[in-house]
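Visitor: Build me a model:
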Amino acid sequence: RQRRPDFVHVVTEGPLGWSAVNTARRLGIPVTSGFHTNFDRYSAHYGVGWMRPAVAAYLRSLHRRTLITMVPTAALAGELAGSGIAGVRVVGRGVDTTLYDPARRSSALRSSWKASELAPVCLYVGRLAPEKNLALVRKTFKAIQAHHPAARMVWVGDGPSARQLASEDHDHHFAGLRQGEDLAMHYASADMFLFPSLTETYGNVVAEAMASGLPVLAYRSAAAAELISDGVDGLAVSPGDERAYVAGALELAASPDRLAEIGRSARQAMLPRNWGRVVQSFEAVASEIFAR
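Guide: Numbers count the residues shown, from 1 in each chain. Here you go, the predicted structure:
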């Protein structure tokens with residue numbers, strides 16, 4: 001009331017977000033939202049799958065109470081519109097191509113991983129948690145290692161699965177949380193990015209890896225479906241097809257020249273996807289609100 005905003009944009013979908021929507025509506029302030037997390041899909045990975053319908057209903061209810069729901073991809077926009085959420089707008093996501101740059105590749109960092117320049121280094125960056133389908137990362141790397149014994153697997157991130165992963169995979173490198181230039185160096189110093197999650201609304205790490213010149217292997221879902229031209233600047237396989245996922249990884253690992261070619265194409269594909277364009281999209285949606 002004292003410092004009344006022009007409008008409220010809610011980016012957290014839990015109790016705080018619900019409270020913000022209620023408050024804005026009560027004060028007559030226009031309110032928009034961003035759909036960021038498929039919380040309903042997480043439930044099955046934590047033994048409470050029976051809650052999925054209720055969680056999905058809660059998310060629909062929250063976003064239906066806002067004037068506009070902003071999303072990162074056209075596919076998600078279609079999905080939400082089909083569930084009865086009106087006013088969905090695609091705003092997109094950007095990537096910092098100055099920070100995430102192949103030029104940050106470090107031989108010293110690779111040496112700390114005990115990785116040679118001739119053996120492939122596979123990278124995962126993200127939350128170490130059940131909903132990320134990390135079992136497939138392990139399965140895929142094991143297949144690569146069978147053909148390339150000197151290959152290395154590097155994990156960046158933390159989460160509830162971190163301790164178990166470290167105790168079971170002694171030959172993997174667990175880097176923990178990394179940020180800024182340190183994180184960018186980890187991306188650029190690897191050779192292949194493994195990302196098999198099926199619970200993402202986007203997946204910023206896909207864009208960060210591609211900007212870093214890494215071939216990304218992912219399911220054709222969320223960011224990967226929008227960003228990757230299969231076989232050109234990454235590999236995107238049908239969601240849930242584990243056999244194709246592992247085969248794609250083996251194909252990439254078998255050809256250093258192809259890895260390098262795809263990595264260069266990935267970098268070029270990300271250069272136009274800067275945050276300035278995303279800010280312009282957000283401002284366009286804000287203009288819609290002010291025009292009402």
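
Visitor: Helices of the stretch 51-200 of the chain, residue ranges please.
Guide: For the stretch 51-200 of the chain, applying DSSP state H, counting those that start in this stretch gives helices covering 52-64, 74-82, 107-112, 134-147, 162-168, 180-188.

Visitor: ok now the longest one, how far from the chain's centre?
Guide: Going back to what we said before, that points to helix 134-147. Distance of helix 134-147 from its chain centroid, counting by C-alpha atoms, centre = their mean, to the nearest Å, is 20 Å.

Visitor: show me what contacts Leu259?
Guide: By C-beta atoms under 8 Å, 6 or more residues apart in numbering, the contact set of Leu259 is Pro120, Asp191, Met192, Pro215, Leu252, Ala253. Yep, even glycine has a C-beta here, placed from its N, CA and C like the rest.

Visitor: Quick check: the fifth one vs Gly159, distance?
Guide: What it means is Leu252. Noted for Leu252: a distance of 26 Å to Gly159, by C-beta to C-beta, to the nearest Å.

Visitor: Compare neighbour counts for those two and give me the winner.
Guide: With neighbours defined as other C-beta atoms under 10 Å, Leu252 and Gly159 compare such that Leu252 has more, 23 against 16.

Visitor: which residues touch that one?
Guide: Leu252 makes contacts with Pro120, Met192, Pro215, Leu217, Leu235, Arg258, Leu259, Ile262, as judged by C-beta under 8 Å, 6+ apart.

Visitor: again, 10 Å this time
Guide: Counting by C-beta atoms under 10 Å, 6 or more residues apart in numbering, Leu252 makes contact with 120, 122, 144, 191-192, 194, 215-217, 234-235, 258-259, 262.

Visitor: My read is that Leu227 contacts Ser265, right?
Guide: No. Counting by C-beta atoms under 10 Å, Leu227 stays clear of Ser265, with 11.6 Å between them.

Visitor: between these two, who's got more neighbours?
Guide: Between Leu227 and Ser265, counting by other C-beta under 10 Å, Leu227 is the more crowded of the two (24 against 18).

Visitor: Need the phi and psi values for that one.
Guide: When read as degrees, to the nearest 10, the backbone of Leu227 gives phi -100, psi -30.

Visitor: which residues does it contact?
Guide: Leu227 neighbours (C-beta under 10 Å, 6+ apart): 73, 93, 95, 202-203, 206-207, 210, 216, 218, 233-234, 236, 266, 269-270, 273.

Visitor: buried subset of those residues?
Guide: By neighbour count, with 16 or more other C-beta atoms under 10 Å, the contacts of Leu227 hold 73, 93, 95, 202-203, 206-207, 210, 216, 218, 233-234, 236, 266, 269-270, 273 as buried.

Visitor: those strands in the stretch 1-150 of the chain, which residues are they?
Guide: 8-10, 31-34, 69-71, 88-90, 121-125 (DSSP state E, counting those that start in this stretch).

Visitor: need those in TSV with mean pLDDT, mean neighbour count and distance to Val246, can you?
Guide: Formatted as TSV, those follow (pLDDT from 0 to 100; neighbours: other C-beta atoms under 10 Å; distance: least, C-beta to C-beta, whole Å):
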stretch	mean pLDDT	mean neighbour count	distance to Val246
strand 8-10	96	19	40
strand 31-34	95	23	34
strand 69-71	94	24	31
strand 88-90	94	17	32
strand 121-125	98	25	12
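
Visitor: Doesn't Ala207 belong to a strand?
Guide: No. Ala207: not assigned to a strand; according to DSSP: H, G, I helix; E, B strand; the rest coil it is helix.

Visitor: My guess is it contacts Val125. True?
Guide: No. Ala207 lies out of contact with Val125 (C-beta under 10 Å); the separation is 11.5 Å.

Visitor: Count residues in the vicinity of Leu76, would you?
Guide: Count around Leu76 with other C-beta under 10 Å applied: 21.
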